[in-house]
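J.: my questions are about this predicted structure, shown below with the sequence.
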Amino acid sequence: QVHLVESGGGLVQAGGSLNLTCEASGRNPTNYVLGWFRQAPGKEREYVSAITWSGGYSYYADSVEGRFTISRDNAKNTVTLQMNSLKPEDTAVYYCVADEAIVMIVKVAQPTYWGQGTQVTVSS
């Protein structure tokens, strides 16, 4: 089992930047694909980004491609989402997720493990 704790959310103006960090703990967290989902008010949760256990491959939703960057540090068991050029439509609760299979995050959108979420608010 993997336990995920997010940090770094907050309020930022449009065009600004924020970094979200997730710390993973539990049984062999470095064996898991890590990623991020988000849920805006009144909307369903949506996939944002994912990174393989080695950090060699990263994936992004079209809505954030070119603005967000995902990275991981296996020595610290952390994954970071660097968010630039933020837009009001990026406002959401952001969730760190983990699964052994990347398809469960990127395609099926049903990862096994979820963090508690952190709020990101982008003002116009």
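T.: That came in fine, so what should we check first? Numbers count the residues shown, from 1 in each chain.

J.: so where do the helices sit in this structure?
T.: Counting by DSSP state H, the chain has helices at residues 102-106.

J.: buried ones in the helix or strand of the chain with the lowest mean pLDDT?
T.: Within the chain, no helix or strand scores below helix 102-106, which has a mean of 92 by mean pLDDT, DSSP states H and E. Buried residues in helix 102-106, counting neighbours by 16 or more other Cβ atoms under 10 Å, are found at 102, 104, 105, 106. From N, CA and C alone the C-beta is placed, and that goes for glycine too.

J.: and it, how far out from the chain middle?
T.: Its chain's C-alpha centre and that of helix 102-106 lie 13 Å apart, by Cα atoms, centre = their mean, to the nearest Å.

J.: hmm, who's touching it?
T.: 33, 35, 47, 50, 52, 57, 59, 97, 99, 110, 111, 112 (Cβ atoms under 8 Å, 6 or more residues apart in numbering).

J.: before we move on, the earlier item: mind putting the buried residues of helix 102-106 in JSON lines, distance to residue 13 included?
T.: Shown next, in JSON lines, are those (distance: Cβ to Cβ, whole Å):
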{"residue": "102", "distance to residue 13": "34"}
{"residue": "104", "distance to residue 13": "35"}
{"residue": "105", "distance to residue 13": "30"}
{"residue": "106", "distance to residue 13": "30"}
